[in-house]
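Asker: Sequence plus the predicted model coming up.
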Amino acid sequence: MLAKRKSPYSCRDSAFAGFTLIELLVTLAVLAVLIGLGVPSFREMIDENRMATQGNDLVYTLRQARALAVERAAPVSVTAIEGNWNKGWESLLDYDKNGSITTSTADAFLVRTPAAQLPDLKHINVDATATRVTFLPDGTLSAASAISLELEPQSSSTARSRTISIALSGRVEIAKS
């Protein structure tokens, strides 16, 4: 039987076994390239999620207001705070059914969603000419025409904007633009 000869250059069994400096540098270079490719995609994913979250929050509020208008048989409005959607929004029920929805004691104040509760709102521009969306007791929109709210990212990201459409029938939809 032949005995297996050890090579004098082999260090596998010695105390000096490990990675060489070149192997470590090559590994770090490959890792740096992979991270460089992944970070922009991650930023885009964050921007997309911000847009989706903000759009879904506003759509939820609008759908909830429509359902409440039908349930209570009274008009319900979703109004931009201080006339600016970027500052948040609030829902009001025309409890006394006088056609004037205000924050008076007769009208019910339902939900206030200020920008402080919406951390992603500072990253999104809400472009809309309408500062109030009112649903009638039958669930239809009180406006003369459909309303559209555009949510656009403030940064120069590649995130696509969102369009919230409210039809005259009261149906609320969100779509990527």
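Answerer: Okay, I see it.
Asker: how about the helices in the chain?
Answerer: Here the chain has its helices, by DSSP state H, at 21-72.
Asker: Now do the contacts for residue 110.
Answerer: Applying Cβ atoms under 8 Å, 6 or more residues apart in numbering to residue 110 gives the contacts 65, 68, 76, 90-93. Backbone N, C-alpha and C define where each C-beta goes, glycine included.
Asker: Would you reformat those residues as JSON lines and include distance to residue 24?
Answerer: Formatted as JSON lines, the contacts of residue 110 follow (distance: Cβ to Cβ, whole Å):
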{"residue": "65", "distance to residue 24": "60"}
{"residue": "68", "distance to residue 24": "63"}
{"residue": "76", "distance to residue 24": "64"}
{"residue": "90", "distance to residue 24": "58"}
{"residue": "91", "distance to residue 24": "59"}
{"residue": "92", "distance to residue 24": "64"}
{"residue": "93", "distance to residue 24": "67"}
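Asker: Can you pick out the most distant pair from these?
Answerer: Within the contacts of residue 110, 68 and 90 form the most distant pair, 13.2 Å apart (Cβ to Cβ).
Asker: and the contacts of residue 110, which of them are in strands?
Answerer: 76, 90-93 (DSSP state E).
Asker: low-scoring stretches of this protein, by residue?
Answerer: 1-17, 96-109, 115-127, 154-159 (pLDDT under 70).
Asker: Give me the most central residue, this protein.
Answerer: residue 53 (2.4 Å; Cα atoms, centre = their mean).
Asker: how much space between that residue and residue 162?
Answerer: Going from residue 53 to residue 162 by Cβ to Cβ, to the nearest Å gives 10 Å.
Asker: mind listing what's buried in stretch 59-74?
Answerer: By neighbour count with 16 or more other Cβ atoms under 10 Å, stretch 59-74 contains the buried residues 59, 61-62, 64-66, 68-70, 74.
Asker: so which of these comes closest to residue 173?
Answerer: Among the buried residues of stretch 59-74, residue 59 lies closest to residue 173 (Cβ to Cβ), at 7.9 Å.
Asker: on that earlier part again, highest neighbour count among the ones in strands among the contacts of residue 110?
Answerer: Most neighbours among the ones in strands among the contacts of residue 110, by other Cβ atoms under 10 Å: residue 76, with 28 neighbours.
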